[in-house]
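1. have a look; sequence and predicted model below, questions after that.
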Amino acid sequence: MKSTLLVGALLTAMTATSAFAQAIKLADVAELSGGGATVGTNWKNGIDLAIEEINAKGGVLGRKLEVTHADSQSNPGVARAQVQKALDAEPYVLLGPGYSGSVKVTAPLAAEAGIAQIMGGEAAELTQGGNKFLFRTSFGQQSSMPKVAKYIHDEMKAKTVAVVWVNNDFGRGGRDVMVKELDRLGSKVVADLSTEAGQADFAADVGKIKAANPDAVFVYLNEEESARILKELKRQGVTAPLMGETTLIGQKVIELAGDAANGARGHVGLTTDAPVDLIKAFREKFSKKYNYVPDHNGLKGYLAVYMVKATTEKMGKVDPKKFADTLHGLTIKAADEPGILMDVTFSDTGDIDRQSFLVEVVEGKQVVKQVLPKVK
Amino acid sequence: MSNLFDLLVAGLATGAIYALVAVGFTLLWQTSQTINFAQGEFVMLPAFLMLAAMHVGAPFWLAIILGILLSMILLGLAFKLLLVDPMMRHGVLPLAIATMALAIGLKEAVKQFFSAEASPFPSIVPTGDISILGHAVSLQSIGVLVVAILAVLGLTTLLNRTSLGHQMQAAAQNPTVARIIGVPVERMILLTFLINAFLVALASLLITPIYLAKFSSGEVLGQAAFIAAIVGGFNQVRGAIAGGLLIGVLDNLAAAYVSTQYRAAVPMIFLIAVILFRPQGLLGRAEERTV
């Protein structure tokens, strides 16, 4: 009898220890190769850095975080298959993808599984379909484009604008909001050019911009194509001011475009050049670990993990089913959770509200020209 | 009109690159009946060899020389000795499939050992414009066009005006007779592979500053050059040159005047039209086959 009790006690203790040590499993599906490799690699590295930091400090509610990374190859079809595979392993939260097209086709899977999906896509439509499990790490186009259009109209005084966009969910979404806003403000779109993802030669597109002779050019392409069009714009001597969003003036774009990036301006929700101490510290840690300066996707990946940490600690338990409910309407203050970098509020639709920045590339570096406050 | 002039210059510059790559298709076809489906990746790799040399401290000019030499060893000599010769005895189809596998292997190797991300690449031509007939034309377009034309002129002079070139043509046209009259056929075929490797390294040097160095950059280029070679005439060097220039200009004009969205479709439609009405290509020679 005594020995049975002893064995029972030992088994109970072992089970308890096992539960205590059991890791919280996250699944990441990102663009680790293909056209979005820059996006996915930065996102992945940001995630890994955050997990390393959190685990070094004891984890979340005493449990370590673990992540599996899967490559979407920047292809929505592959992303869907990878997300399905990741969900079969029943993760706590799904991270990624970064491309709006991939998010669009994977979000229903995560919602059906009741798993929160924290992603990097910026297409306006993503959070407008009533999906209660989808969360942004950056502004949606419905928040950022009106700010950009206002800047083009008010600050650049552009009466005519050329709009160049990439023909995918990301580009089309941004273009639609931008054209509508410019029209509302009274700036005329004199060239409306769609380009292809992965396009190498922009000579004809830039030729059309030159022919339209606009007061400003709005460029909304993915990072590598942004670099190529910047080089071509310089090559063909286009002097109209260039305005874009995060993907036009990211660190990788500046590296690829060289001095052709100088003078380009853009609105960014996140930048490692932001005059925010916590972001400066993040930039230093990231650069030390990976030997390069991250773009906004590195910040997004990092934040995504700290969103998981803050929300879980707010719940006081690891509950995948209640995670989304808790994150809706939650404000996370940087003073309480430094990993979140800036005070942030999540709406009932999973959209994000926080400060943002207007930057210009000056001598190969992003320079923050204005800090824009939270909307609410 | 000014726009049309700019489009023509830019199209000719891009087309000259396609021509360099397309010439490689025709050279290998003529001498060894080989279709190299890794030709696009052959253009991608030299840029990474040059970048690797710069990463270990070589100045740009030295990296160019090393890149071209390594390309000739890997993409000329090793390609012939390790892949084409052993596979040739099994026929053209297995060899073509082997070059497809090589294309995948090269892409994945660069992705694995270098990066999946694009890298910047320095230009041998300075940025800036010069004025031609009152139009500002970029030095880079002119530079690409001039270097490509010089390379092609050099090649055609070698083939048509020198004893070595005549031996190469003899080896390509009828290897049996060429052997009888004392032409070192094997050496001539090897020379063709080395010339192809030199041309792709040159194309890589010219186009990578514009397209950026990326493991997947050969896909678009290889496809465009393949179309150019067929359109111009797969068995004629001059056909490949004309096809390259034509596709480059057509692509740019289609993007400007038809639709950017359907620009990729226009060369394909042109290709189908050429195959239907002139299967040997615009400047190609009809080949008879006995059955």
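-> All right, it came through fine.

2. phi, psi for the residue most central in space within chain A please.
-> Geometric centre of chain A, nearest residue: residue A:120, 3.3 Å, by Cα atoms, centre = their mean. As for residue A:120, its main-chain torsions (degrees, to the nearest 10) stand at phi -110, psi 0.

3. now swap in residue A:356 and tell me
-> Torsion angles, degrees, to the nearest 10, at residue A:356: phi -140, psi 180.

4. ok, residue B:123 next?
-> Per-residue torsions, residue B:123: phi -100, psi 140 (degrees, to the nearest 10).

5. for the chain, give me the ranges with low pLDDT.
-> With no chain named, the answer covers chain A. Counting by pLDDT under 70, chain A contains low-confidence residues at A:1-21, A:375-376.

6. can you look at chain B instead?
-> Short version for chain B, where the test is pLDDT under 70: B:1-2, B:287-291.

7. all helices for it, in order.
-> Along chain B, the segments classed as helices by DSSP state H run B:2-32, B:39-55, B:60-71, B:85-88, B:92-113, B:139-161, B:163-173, B:175-180, B:185-211, B:218-232, B:237-253, B:265-277.

8. burial count for residue B:52?
-> 16 (other Cβ atoms under 10 Å in any protein chain shown). Every C-beta, even on glycine, is put in place using the N, C-alpha and C of the backbone.

9. spit out the contact partners of it.
-> For residue B:52, the contact set (Cβ atoms under 8 Å, 6 or more residues apart in numbering or on different chains) comprises residue B:114.

10. equivalent analysis for residue A:109, please.
-> For residue A:109, the contacting residues are A:80, A:83-84, A:87, by Cβ under 8 Å, 6+ apart.

11. cool, and residue B:236?
-> B:26, B:281, B:283-285.

12. if we use 7 Å, what do you get?
-> Counting by Cβ atoms under 7 Å, 6 or more residues apart in numbering or on different chains, residue B:236 touches B:26, B:283-285.

13. could you do residue B:253 as well?
-> Here residue B:253 is in contact with B:7, B:11 (Cβ under 7 Å, 6+ apart).

14. 10 Å - rerun?
-> Residues in contact with residue B:253 (Cβ atoms under 10 Å, 6 or more residues apart in numbering or on different chains) are A:204, A:207, B:4, B:7-8, B:11, B:263, B:266.

15. drop anything exposed from those residues.
-> A:204, A:207, B:7, B:11, B:263, B:266 (16 or more other Cβ atoms under 10 Å in any protein chain shown).

16. pick the one among the residues you listed closest to residue B:161.
-> Distance to residue B:161, by Cβ to Cβ, is smallest for residue B:11 among those, at 29.6 Å.

17. right, and that closest one touches residue A:203 too?
-> Yes. If you go by Cβ atoms under 10 Å, residue B:11 and residue A:203 touch, sitting 7.2 Å apart.

18. any shared contact partners between the two?
-> Taking Cβ under 10 Å, 6+ apart as the criterion, residue B:11 and residue A:203 both touch B:141, B:248, B:251-252, B:255-256.

19. can you tell me which of those residues are up against chain A?
-> Restricting these to those within reach of chain A (Cβ under 10 Å from any Cβ of the partner chain) leaves B:141, B:248, B:251-252, B:255-256.

20. same list (those) but as a markdown table, adding distance to residue A:281.
-> A markdown table is the format used below for these (distance: Cβ to Cβ, whole Å):
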| residue | distance to residue A:281 |
| --- | --- |
| B:141 | 45 |
| B:248 | 49 |
| B:251 | 48 |
| B:252 | 48 |
| B:255 | 46 |
| B:256 | 48 |
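
21. specify which member of the residues you listed is nearest to chain A.
-> Chain A has its nearest neighbour among those in residue B:255, at 3.4 Å by Cβ to the nearest Cβ.

22. hmm, residue B:248 and that closest one touching each other?
-> No. Assessed by Cβ under 10 Å, residue B:255 is found out of contact with residue B:248, at 11.4 Å.

23. quick check: neighbours shared by the two?
-> The contact sets of residue B:255 and residue B:248 overlap at A:201, A:203, B:11 (Cβ under 10 Å, 6+ apart).

24. get me the contact residues on the stretch 51-200 of chain B for chain A.
-> Taking Cβ under 10 Å from any Cβ, the part of the stretch 51-200 of chain B that reaches chain A is made up of B:107-108, B:111, B:115-123, B:127-129, B:136-141.

25. weed out the non-buried ones from those residues.
-> Among those, the ones that count as buried by 16+ other Cβ under 10 Å are B:107, B:111, B:115-121, B:123, B:129, B:137-138, B:140-141.

26. what's the closest of those residues to residue A:364?
-> Within these, the smallest distance to residue A:364 is 11.4 Å, found for residue B:120 (Cβ to Cβ).

27. near chain B, which residues of the stretch 51-200 of chain A?
-> Applying Cβ under 10 Å from any Cβ, we find that the stretch 51-200 of chain A lies next to chain B at A:71, A:73-74, A:164, A:167, A:193-196, A:198-200.

28. among those residues, which two are most distant?
-> Greatest spacing in these, by Cβ to Cβ: A:71 and A:193 (30.9 Å).

29. report the separation between residue B:119 and residue B:254.
-> 29 Å (Cβ to Cβ, to the nearest Å).

30. swap in residue B:44?
-> Residue B:44 is 25 Å from residue B:254, by Cβ to Cβ.

31. of those two, who's got more company?
-> Shown here are residue B:44 and residue B:254; by other Cβ under 10 Å, residue B:44 has more neighbours (27 against 21).

32. rewinding a little: in TSV: the residues of the stretch 51-200 of chain A next to chain B, plus secondary structure and neighbour count.
-> Shown next, in TSV, are these (DSSP: H, G, I helix; E, B strand; the rest coil; neighbours: other Cβ atoms under 10 Å in any protein chain shown):
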residue	secondary structure	neighbour count
A:71	strand	20
A:73	coil	20
A:74	coil	26
A:164	strand	28
A:167	coil	17
A:193	strand	23
A:194	strand	17
A:195	strand	26
A:196	coil	18
A:198	coil	17
A:199	coil	23
A:200	coil	19
